[in-house]
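Participant: what's the 3D shape of this:
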Amino acid sequence: MVTHSPEVIIFFSGGYELGISRQVKFLPSLLIKYHPHNVVQIDYNAQMNLKDRVWLGIGYRNRNMLVGMLQCQNKLSTQNGIFI
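Facilitator: Numbers count the residues shown, from 1 in each chain. Have a look, this model is predicted:
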């Protein structure tokens with residue numbers, strides 16, 4: 001019989017919404033992932049929210065990965081997004 005001991009994976013995330021104007025918001029965020037058998041991963045993200053309908057953003061992971069983000073809300077309850 002093989003037994004596995006549980007592994008601890010820790011996630012820490014945080015962000016803030018800064019109102020630049022009534023129609024523009026800046027949303028920086030951070031995600032840190034700790035796994036005992038891997039290096040610590042850190043994701044830095046920044047998004048601009050335009051009129052609560054369009055979000056444009058960029059993200060960077062400390063392991064040399066860059067991501068572009070585009071999200072739009074076409075109805076009050078529907079959001080569509082694309083990550084490049």
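
Participant: Pull the distance from stretch 35-45 to the chain's centre.
Facilitator: Computed by Cα atoms, centre = their mean, to the nearest Å, the chain-centroid distance of stretch 35-45 equals 14 Å.

Participant: for stretch 52-69, same thing?
Facilitator: 7 Å.

Participant: Could you do stretch 50-63 as well?
Facilitator: 8 Å.

Participant: list the buried ones in it?
Facilitator: Of the residues in stretch 50-63, 55, 57, 59 count as buried by neighbour count, 16 or more other Cβ atoms under 10 Å. (Each C-beta comes from the backbone N, C-alpha and C, glycine too.)

Participant: Format those residues as JSON lines; extra columns: distance to His4, pLDDT and secondary structure.
Facilitator: Listed next are the buried residues of stretch 50-63 as JSON lines, based on distance: Cβ to Cβ, whole Å; pLDDT from 0 to 100; DSSP: H, G, I helix; E, B strand; the rest coil:
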{"residue": "Trp55", "distance to His4": "40", "pLDDT": "90", "secondary structure": "strand"}
{"residue": "Gly57", "distance to His4": "38", "pLDDT": "94", "secondary structure": "strand"}
{"residue": "Gly59", "distance to His4": "33", "pLDDT": "93", "secondary structure": "strand"}
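
Participant: With adjacent residues omitted, what lies nearest to Tyr44?
Facilitator: Of all residues not flanking Tyr44 in the chain, Tyr60 sits nearest, at 4.9 Å (Cβ to Cβ, 6 or more residues apart in numbering).

Participant: Who are the contact partners of that neighbour?
Facilitator: Contact partners of Tyr60, counting by Cβ atoms under 8 Å, 6 or more residues apart in numbering, are 43-45, 66-67.

Participant: Show only the entries of those residues found in strands.
Facilitator: By the criterion of DSSP state E, membership of the contacts of Tyr60 in strands covers 43-45, 66-67.

Participant: Can you list the low-confidence ranges for this structure?
Facilitator: For the chain, applying pLDDT under 70 flags the ranges 1-2, 75-84.
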